[in-house]
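Enquirer: the sequence and its predicted three-dimensional model are supplied below.
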Amino acid sequence: MKGIRLEAAVDLIPEGASLMIGGFMAVGTPERLMDELVRQHRGGLTVIANDTARPGVGIGKLIDARLVRRLIVSHIGTNPETQRQMLADELEVELVPQGTLAERVRAGGFGLGGVLTATGIGTSVEHGKQSLEIDGRRFLVELPLRADFALIRGKRCDHKGNLDYSLTARNFNPLMALAADTVIAEAASIVPVGVIPPDEVSTPGVVVDYVVQRN
Amino acid sequence: MKGIRLEAAVDLIPEGASLMIGGFMAVGTPERLMDELVRQHRGGLTVIANDTARPGVGIGKLIDARLVRRLIVSHIGTNPETQRQMLADELEVELVPQGTLAERVRAGGFGLGGVLTATGIGTSVEHGKQSLEIDGRRFLVELPLRADFALIRGKRCDHKGNLDYSLTARNFNPLMALAADTVIAEAASIVPVGVIPPDEVSTPGVVVDYVVQRN
Amino acid sequence: MDQRILIATRVVQELQPGNLVNLGIGLPTLVANHLPPGLEVYFQSENGIIGMGPVPEEGMEEPDLTDAGGGYVSALPGATSIDSAMSFGLIRGGHLDVTVLGGLQVDEAGHLANWMVPGKMVPGMGGAMDLVCGARRVIVAMTHTARGTPKIVPECTLPLTSVRRVDLVVTELAVIEPTEQGLVLKEIAPNVTVDEVLANTSARLLVPDQVPTMQLPG
Amino acid sequence: MDQRILIATRVVQELQPGNLVNLGIGLPTLVANHLPPGLEVYFQSENGIIGMGPVPEEGMEEPDLTDAGGGYVSALPGATSIDSAMSFGLIRGGHLDVTVLGGLQVDEAGHLANWMVPGKMVPGMGGAMDLVCGARRVIVAMTHTARGTPKIVPECTLPLTSVRRVDLVVTELAVIEPTEQGLVLKEIAPNVTVDEVLANTSARLLVPDQVPTMQLPG
């Protein structure tokens, strides 16, 4: 784990990279990293996230700046600009049921080959997917997701990179923290080692590569 | 969630019931429930747990009292009595890799039809199991585990049944708390609601059926 | 009574003490505002909290404490934060007692469509598919028609949310229970006739000899 | 030097600063006692902790803080508690840099057998199968023979732990690297000859022209 300046953190991310971005309607999204991606105009991105929030907020900023080529999300209904880009074929969108998205991200980080879920059986989500019958019930085989980078936001980060999370800002962050080759974390505060007791750490510092400097 | 006397808690468990029991080498195992199962001599049990600890300790007490008919565990090497009963065909043992056991219990509680893992491929663990090839790599289909009862132990339990855990006494407890029809919890202390902050609860009280009275 | 409040008030009667309940965005959220005094249920919001409370007073909003629509909420004593995997583990694993969801269409098989209108509105399914698939009880709370067009139809023409048969449909006109045999008219709203319900429904309804009127609090 | 300490001391040289390391029960646990000053690695114990520290002084044992063998340990500053699913998520998901495991047999394919002797000893695989399957680097630390019988064999006769080829085998006689071509003799222990290694090994060993001697700290 290393501290890193905001600009240098985004410098690590090449054009066309795949990013997992934590947050739910921008709550728990690393907002400074969003701003810096826009400032450096890092385009052609694949973004895996729950949603694209609203224009001008969270991942919505990346959409506004047309930095995203491909989206894997559960919901875009709150962002008309995302819908517009999708219907205009400027943006490729894969819609994934939210619980399945969580499990696919987790499987990517936990080294599972996939999970079986009944969610989506008999719906359009089933198209192109393998299914298995177990004890007379049919399940979809849902495959793991991984990304080049995970951009996450925590509440407190200690000097070893251990993170905890705040209320509904937790959401996908701890799952994504394991599912990317490089993990970059923002935190509301940076605290000495030991301030977050062992039982309260949600993301162990050993999986965090960079922590963005506070400003 | 209801408070319950120790005797009444074990009264709920019929002969031949299946039990998930938290703990790892008895660390995190609800020891009072073990003692009471022995005192009431509740036999013919199926036990799903990490291990059987040692004679006289944790789940080892149930083994000593010959209450267990079937075991699903990852390890029995520390308990010679378990090995003896197994080799004498008095006890049926299914050995499951520890990480697979954790995922199977979680799948049972999380409503997944199973998980895919490479662990066990090419070994005796593979026998009788379905496998899937994904992107040229082969994975075993590992099925969910559930039980009639989960017997778990937490650190603090508030008046709504919210639990947290202590250090290595956590292990399988939070996973098993979701994977049984009836969940009975012991805790080192019972605290007023609010003492465990929302971000520090590991097992939400809504999944806990009974909390054993302190003595 | 406002029609949306009528629906919410009727849905509330389906909740049991101690239930873990998830309310969809829109009309279903009104349910939280009409609990009778003394009925304690736990509201889960799938973005990551059990024990969600009402909108906080002005100035007390916390940006990290919102509902699934992104609106500020509070948390009741004993609330717990959960990540998205746990949130849907509770939903998919049968721990969620009731989900109340909006609907675009419900059909004679009890199938719900509520997540997209091809070519027009593609919001995504969010948590709806997991909720309908996994909740112990699925209640659809919706207006009976959309600009005069029946929403309770012989067979959904919109993409399905799930092939699981929902448990109850509550509208401003009626309470309808999807069963193995078809859609059963269980109750009618005050000052509504069975014929009015039938006239606003394109699906076949099974109508018992006696159809009671919803019993709503004054 | 005690043979077990020799093995542990050599294994330590494989660890890099910042590595997340899991040590199996028995001989591998000795590795933690022989870290050179200044080498900071994180020890994971699969029963649920990252940042495991040495055995605490007498009277300071905590019953809820043990290693995977159930022995009392301490925790270093910044340690974190994890549940069993997370513990094996780190192992299976490629987050664990190194696992050091004991062995009953290693064969020419680099396959490890270390979890049972049919009809005699059936301890169960515990975490071993996940560790060998998932760790980035698998190091086997074991005595070269068992009561004179070679443990490095043409093909394992005991049940395999995994079909993944392990990365390195360290014994009191030699360091051996399983490769696509077979087992390569990389180093010999001080005061040991290549012929002695060969005499105690039933597998075919690929022996380079020059086989360096282990460089161990005085």
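Expert: That came through fine. The structure displayed is predicted, hence computed values, not measured ones. Residues are numbered from 1 along each chain as shown, chains lettered A, B, ... in the order given.
Enquirer: alpha carbons only for contacts and neighbour counts from here, please
Expert: Fine.
Enquirer: which SSE is the spatially most distant residue from the centre of chain C in?
Expert: For chain C, the residue at maximal distance from the C-alpha centroid (C-alpha atoms, centre = their mean) is C:Gly59, at 30.5 Å. Per DSSP states H and E: C:Gly59 is located in neither a helix nor a strand.
Enquirer: give me the three-state assignment for the residue sitting nearest the centre point of chain C.
Expert: In chain C, the centroid-proximal residue (C-alpha atoms, centre = their mean) is C:Val100; its distance is 2.4 Å. Using DSSP: H, G, I helix; E, B strand; the rest coil, the structure places C:Val100 in strand.
Enquirer: what sits opposite it in the beta ladder?
Expert: In this entry, C:Val100 is beta-bridged to C:Leu23, C:Ile139, by DSSP bridges.
Enquirer: again with A:Leu116
Expert: A:Leu116 forms beta bridges with A:Val141, B:Gly114, as assigned by DSSP bridges.
Enquirer: how many other residues sit next to it?
Expert: When neighbours are counted by other C-alpha atoms under 10 Å in any protein chain shown, A:Leu116 registers 28.
Enquirer: buried residues, whichever strand or helix holds A:Thr82. List them.
Expert: For A:Thr82, the element it lies in under DSSP H and E is helix A:80-87. Going by neighbour count (16 or more other C-alpha atoms under 10 Å in any protein chain shown), the buried part of helix A:80-87 is A:80-83, A:85-87.
Enquirer: same question for stretch A:40-51.
Expert: Buried residues in stretch A:40-51, counted by 16+ other C-alpha under 10 Å: A:42-51.
Enquirer: which residues touch it?
Expert: Applying C-alpha atoms under 8 Å, 6 or more residues apart in numbering or on different chains, the contact partners of stretch A:40-51 are A:10, A:13-25, A:59, A:65-76, A:98, A:101, A:147, A:172.
Enquirer: restrict those residues to contacts with chain C.
Expert: Contacts with chain C within the contacts of stretch A:40-51, as defined by C-alpha under 8 Å from any C-alpha of the partner chain: A:24-25, A:74-76, A:98, A:172.
Enquirer: let me know the pLDDT of the residue nearest to the centre of chain C.
Expert: For C:Val100, the model assigns a pLDDT of 98.
Enquirer: that one against C:Asn22, yeah?
Expert: Yes - counting by C-alpha atoms under 8 Å, C:Val100 touches C:Asn22, with 6.4 Å between them.
Enquirer: tell me where chain A has helices.
Expert: A:6-11, A:31-39, A:60-64, A:80-87, A:98-110, A:173-176 (DSSP state H).
Enquirer: and the shortest one, is it in reach of chain C?
Expert: What that stands for is helix A:173-176. Yes - applying C-alpha under 8 Å from any C-alpha, one finds helix A:173-176 in contact with chain C at A:173-175.
Enquirer: for PyMOL, write a command that selects the buried ones of the residues you listed.
Expert: This is the PyMOL syntax for the buried subset of the residues of helix A:173-176 next to chain C, where burial follows 16+ other C-alpha under 10 Å:
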select buried, chain A and resi 173+174+175
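Enquirer: what ranges in chain C fall below the confidence cut-off?
Expert: Applying pLDDT under 70 to chain C flags the ranges C:218.
Enquirer: tell me which parts of it are close to chain A?
Expert: So chain C meets chain A at C:47-49, C:63-66, C:68-70, C:80-85, C:87-89, C:92, C:119, C:121-130, C:133-134, C:159-163 (C-alpha under 8 Å from any C-alpha).
Enquirer: now do 7 Å
Expert: C:47-49, C:64-66, C:70, C:81, C:83-85, C:88, C:122-127, C:129-130, C:133, C:160-163 (C-alpha under 7 Å from any C-alpha of the partner chain).
Enquirer: which members of the residues you listed are positioned in helices?
Expert: Under the assignment DSSP H, the residues of chain C next to chain A contribute C:84-85, C:88, C:129-130, C:133 to helices.
Enquirer: so which bits of chain A are right by chain B?
Expert: Residues of chain A lying near chain B by C-alpha under 7 Å from any C-alpha: A:112-117, A:139, A:166-167, A:198-200.
Enquirer: if you set the cut-off to 8 Å instead, what comes out?
Expert: Residues of chain A found near chain B (C-alpha under 8 Å from any C-alpha) are A:111-118, A:134, A:139, A:165-167, A:198-200.
Enquirer: lowest-confidence member of those, which is it?
Expert: For the residues of chain A next to chain B, the weakest pLDDT value sits at A:Ile134, with 94.
Enquirer: that one contacts B:Gly113, correct?
Expert: Yes - counting by C-alpha under 8 Å, A:Ile134 does reach B:Gly113; the two are 7.5 Å apart.
Enquirer: before we move on, what SS does the nearest residue to C:His34 once chain neighbours are set aside have?
Expert: With C-alpha to C-alpha, 6 or more residues apart in numbering or on different chains as the criterion, C:His34 has its nearest non-adjacent residue at 5.9 Å, and that residue is C:Thr9. In three-state terms, and counting by three-state DSSP, C:Thr9 is helix.
Enquirer: counting neighbours, what do you get for A:Asn149?
Expert: One thing to correct before we go on: residue A:149 is Phe, not Asn. A:Phe149: 22 neighbours (other C-alpha under 10 Å).
Enquirer: right, I mislabeled it, should have said C:Asp64
Expert: The burial count for C:Asp64: 19, using other C-alpha under 10 Å.
Enquirer: contact partners for it?
Expert: A:27-28, A:166-169.
Enquirer: quick check: the one residue in chain A that gets nearest to chain C vs chain D, distance?
Expert: Relative to chain C, the nearest point of chain A is A:Gly77 (3.6 Å; C-alpha to the nearest C-alpha). Distance, A:Gly77 to chain D, by C-alpha to the nearest C-alpha, to the nearest Å: 33 Å.
Enquirer: repeat that for C:Ile82.
Expert: Using C-alpha to the nearest C-alpha, C:Ile82 is found at 15 Å from chain D.
Enquirer: before we move on, the earlier item: ok, the residue nearest to C:His34 touching C:Val31?
Expert: Yes - between C:Thr9 and C:Val31 there is a contact under C-alpha under 8 Å: 6.7 Å.
Enquirer: overlap in contacts of those two?
Expert: Common neighbours of C:Thr9 and C:Val31 (C-alpha under 8 Å, 6+ apart) do not exist.
Enquirer: the helices in chain C, which residues?
Expert: Under DSSP H, chain C gives helices at C:3-12, C:84-92, C:128-134, C:194-199.
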